[in-house]
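*Asks:* give me the fold of what follows.
(one chain, ligands or ions: 1)
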Amino acid sequence: MNDNTCVLLKRRSEGVPVAEDFELVTRPAEQPGAGQLLCETRYLSLDPYLRGRISGRHLSGAILPGELMGGEAVCQVLESGDERFQPGDWLAAYSGWQRYPVVDADSVRTVDPGLGPVSTTLGILGMPGLTAYAGLLRLGEPKAGDTVLVSAATGPVGSMVAQIAQIKGGRAVGIAGSPDKCAWAVEQAGMAGCINYKEEDLREGVKRLCPDGVDVYFDNVGGECLQVAMENLALGARVVLCGLMAQYNTDEMPPGPNPAWVIKARATVRGMVVYDHEDLRPQFLSDASLWLKEDRIRYLEDVTEGLENAPDAFHRLMTGQNFGKALVKVS
Ligand SMILES: NC(=O)c1ccc[n+]([C@@H]2O[C@H](COP(=O)([O-])OP(=O)(O)OC[C@H]3O[C@@H](n4cnc5c(N)ncnc54)[C@H](OP(=O)(O)O)[C@@H]3O)[C@@H](O)[C@H]2O)c1
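*Replies:* Numbers count the residues shown, from 1 in each chain. This next block holds a predicted model:
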């Protein structure tokens, strides 16, 4: 039987992962039992989330030193212990960095080579593609004519976001990290423009390419890209927080609110301006006055006597010394 070449995590990466963090070993390939498949890996998917698994921060759990590196692969069946699969069949499995995995037939996803080149089942027709599709259409809610800004614009997630946005009648603008990437984004993926944030002024680029603001920002990066996109949001914009390339390689969390918590909680963050909700006032008054009468609402007032004391009272409010709604009893 063949030797199985495997890559193990040797030690937790510090900063950007380097080759020395991994170890190549050869083990005898296992035999498949009932319900199992011996496969040969054709393509292995390398995804940014694996960095999070190495540091133990990703939702799918940690990979520990000494363990096989994880990841999804597209494989062909060599020997089948399950009647649903024949040698030669294509499948995708989270079988990790190894040449000859043995996998449970129930845990794999069948791959139809008729849908596209088999490698795409790990990219645009796989997990990253679904991320783009669901993230943009379900959370970004793009409308025809919207300007959709996306970072990491030439990766499988970003490039799909941009192209789906355009298929849906939007205008996609990319942010990417090299002239070649930007050229591809415009010439091949059809984006209206692409900003090379490593060589151009990102702020100026976003203003120039999104003059009416950003209707949908699909963030794969965090950091400066998120900051600049937020500065340029159009009224009613939607922001999809998807990835954090700018911070995966650091142990220290950047200052300020961290999008990681929003992503982890699948939370919705929305801007609030009370003036937009005047239509609710009659209903609000009717409800709240009733709750007040029924003693279901309690409240506090911090009343300062005399207009002349208003400046002091204001100072107390702005330094948090008020206890309840700050009011001045003028007469
Ligand atoms: N939330 C989810 O369920 C989910 C699912 C899948 C993927 N994701 C996220 O989606 C994002 C894109 O994934 P992908 O598979 O399509 O990857 P990708 O775009 O092929 O690769 C990552 C890209 O990020 C960019 N980048 C920006 N800042 C970077 C930095 N400081 N260091 C390194 N790279 C940086 C680089 O492109 P430039 O040179 O163009 O900047 C790099 O090529 C990732 O953040 C990933 O974690 C999230």
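*Asks:* can you show me the helices along the stretch 1-150 of the chain?
*Replies:* Under the criterion DSSP state H, counting those that start in this stretch, the stretch 1-150 of the chain contains helices at 49-55, 127-134.
*Asks:* who touches the shortest one?
*Replies:* Residues from elsewhere that reach helix 49-55, judged by CB atoms under 8 Å, 6 or more residues apart in numbering: 9, 12-13, 17, 21, 58, 60-63, 69-71, 248-249, 251. Any C-beta I mention is one placed from the backbone N, CA and C, and that applies to glycine too.
*Asks:* so who does the closest residue to Pro254 other than its chain neighbours touch?
*Replies:* Spatially, and ignoring its direct neighbours in sequence, Pro254 is nearest to Gln247 (5.9 Å; CB to CB, 6 or more residues apart in numbering). Applying CB under 8 Å, 6+ apart to Gln247 gives the contacts Gly222, Gly223, Met253, Pro254, Asn258, Ala260.
*Asks:* just the pLDDT for Gln247.
*Replies:* Gln247 carries a pLDDT value of 91.
*Asks:* which parts of the stretch 151-300 of the chain sit against the ligand?
*Replies:* 152, 154-158, 176-177, 181, 220-221, 242-246, 263 (CB under 6 Å from any ligand atom).
*Asks:* which of the residues you listed fall in strands?
*Replies:* When DSSP state E is applied, those are split such that Ala176 fall in strands.
*Asks:* so who does the most centrally placed residue in the chain touch?
*Replies:* Most central in the chain under CA atoms, centre = their mean is Cys242, positioned 1.2 Å from the mean C-alpha point. Shown in contact with Cys242 (CB under 8 Å, 6+ apart): Thr131, Gly135, Val157, Phe218, Asp219, Asn220, Ile263.
*Asks:* of those, which belong to helices?
*Replies:* Of the positions in the contacts of Cys242, Thr131, Val157, Ile263 sit in helices, assigned by DSSP state H.
*Asks:* count the neighbours of the second one for me.
*Replies:* Each residue near Val157 was counted by other CB atoms under 10 Å, and the total is 28.
*Asks:* care to break this structure down by domain?
*Replies:* 3-122, 135-271, 276-329 (automatic domain parsing).
*Asks:* burial measure for whichever residue of the stretch 201-331 of the chain sits closest to the ligand, as a count.
*Replies:* Residue of the stretch 201-331 of the chain nearest the ligand, by CB to the nearest ligand atom: Gly243 (1.9 Å). Using other CB under 10 Å, the number of residues around Gly243 comes to 27.
*Asks:* quick one: contacts for it?
*Replies:* Per CB under 8 Å, 6+ apart, neighbours of Gly243: Pro48, Ala152, Val157, Asp219, Asn220, Val221, Gly222.
*Asks:* cool, Gly256 as well?
*Replies:* With CB under 8 Å, 6+ apart, Gly256 has no contacts at all.
*Asks:* going forward, begin numbering at 37 instead of 1
*Replies:* I'll keep to 37 as the first residue from here, and by that count the last item is Gly292.
*Asks:* report pLDDT for Gly191.
*Replies:* pLDDT for Gly191: 94.
*Asks:* oh, that last question was meant for Val309, not what I typed.
*Replies:* Note for Val309: predicted pLDDT of 83.
*Asks:* ok, now the one 3 residues further on?
*Replies:* In the predicted model, Asp312 carries a pLDDT score of 89.
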